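[1] here's my sequence, what's the structure:
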Amino acid sequence: MSVEQPNEPVYVYGVVAANRAYEVEGVVGVGEPARPARLLEADRVTAVVSDTPPGLRAKRRDLLAHQHVLDELGRQGTVVPMRFGVVARDETSLRDELVRDNEAYLALLAEVENRLEYNVKAFADEDELISEVAETDPTVRELRQRSSASATVEDQVRLGEAVAAALETRQEALAEPVLETLRPFAVRSVIGPQVQDCAVNVSFLVNRGDASEFLSVAEKLGERLQPRVRLRLTGPLPPYSFVQSPQG
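    Numbering: from 1, shown residues only. Sure thing, here's the model as predicted:
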């Protein structure tokens, strides 16, 4: 059992509703040695926190520990997750912020209740795409024919630019079947940040009861897109992509 230190910084994992019992006895989080998780009630919501270890960095061990605490909370109920590394000045200031923003947190909890996040990334086979572009894109085909006859440096540059533009267009088009196929089985979807070598990065918020059907449809879609495109599905995850704390 950790000793509460109200004037010390506290590490925040997530926020849950206070009207539901959450058990964190034996749940440990970030730090080495790992700091035990504890509950910090603030009117109608409760923050799940721990002591903040000195020199906290985004090391694999601590990233996994953060995720472990959220996974445990997710098994017990609904949680508004915090990204790794959220630290409040002290318990008093954190409690004050949560009390002030009770309504906003309750709205977020209602939005994601009984819902799971799944992330889908599509990785295109670049060699396959280049071959397709070379055969079907009229601008690339014309420049290739011209270059093969009497290529200049300018022709080669223009050809490279045309291939790059055509590849970008093809990759953007790959998003359409993913979104059109999976969106009907999700409550919401959001396009994620660009990832190197990834043509599509999108997260879906799925009702817990629809998760099996969503996964089945995603699996069939992945089979249909192979070998040109490889789908990678990750989840269930805490709904990071669909909540933003009132504190940002």
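[2] going forward, measure contacts and count neighbours with C-alpha atoms only.
    Noted.
[3] show me the beta-bridge partners of residue 81.
    Counting by DSSP bridges, residue 81 is bridged to residue 14.
[4] count of neighbours near residue 88?
    Neighbourhood size, residue 88 [other CA atoms under 10 Å]: 18.
[5] from residue 56, how far out is it?
    Distance check for residue 88 against residue 56: by CA to CA, to the nearest Å, it reads 13 Å.
[6] where in this protein is pLDDT low?
    1-6, 125-172, 245-248 (pLDDT under 70).
[7] which phi and psi does residue 182 have?
    The phi/psi pair for residue 182 (degrees, to the nearest 10) reads phi -100, psi -30.
[8] mind listing the helices for this structure?
    Applying DSSP state H to the chain gives helices spanning 60-76, 91-100, 102-112, 126-136, 138-150, 153-182, 211-225.
[9] could you check the angle the third one makes with helix 91-100?
    Interaxial angle, helix 102-112 versus helix 91-100 (axes from the mean of the first three to the mean of the last three CA atoms, to 10 degrees): 70 degrees.
[10] ok, and what's touching helix 102-112?
    Residues outside helix 102-112 that contact it (CA atoms under 8 Å, 6 or more residues apart in numbering): 15-17, 43-45, 78-80, 98, 205, 239, 242-243, 245-246.
[11] next, count neighbours for residue 31.
    Using other CA under 10 Å, residue 31 has 21 other residues around it.
[12] list the residues that contact the nearest residue to it once chain neighbours are set aside.
    Leaving aside its sequence neighbours, residue 31 sits nearest to residue 53 (CA to CA, 6 or more residues apart in numbering; 5.2 Å). Shown in contact with residue 53 (CA under 8 Å, 6+ apart): 30, 31, 32, 35.
[13] quick check on the last one: phi, psi?
    Summarising the backbone geometry of residue 35 under the convention degrees, to the nearest 10, its torsions are phi -90, psi 130.
[14] what subset of the contacts of residue 53 is buried?
    30, 31, 35 (16 or more other CA atoms under 10 Å).
[15] returning to what we had before: in the contacts of helix 102-112, find the pair that's most separated.
    43 and 205 (27.8 Å; CA to CA).
[16] comparing the two, which residue is more hemmed in?
    With neighbours defined as other CA under 10 Å, residue 43 and residue 205 compare such that residue 205 has more, 27 against 15.
[17] touching, residue 15 and residue 48? I think so.
    Yes. Residue 15 lies in contact with residue 48 (CA atoms under 8 Å); the separation is 6.1 Å.
[18] so for these two, which residue has more residues nearby?
    residue 15 (28 against 25).
[19] contacting residues around the closest residue to that one other than its chain neighbours?
    Distances taken as CA to CA, 6+ apart place residue 47 nearest to residue 15, at 4.4 Å, with adjacent residues excluded. Contacts for residue 47 (CA under 8 Å, 6+ apart) come out as 12, 13, 14, 15, 16, 39, 40, 41.
[20] next, count neighbours for the nearest residue to residue 194 once chain neighbours are set aside.
    Excluding its sequence neighbours, the residue lying closest to residue 194 (CA to CA, 6+ apart) is residue 201, at 6.9 Å. Counted by other CA under 10 Å, the residues lying close to residue 201 total 20.
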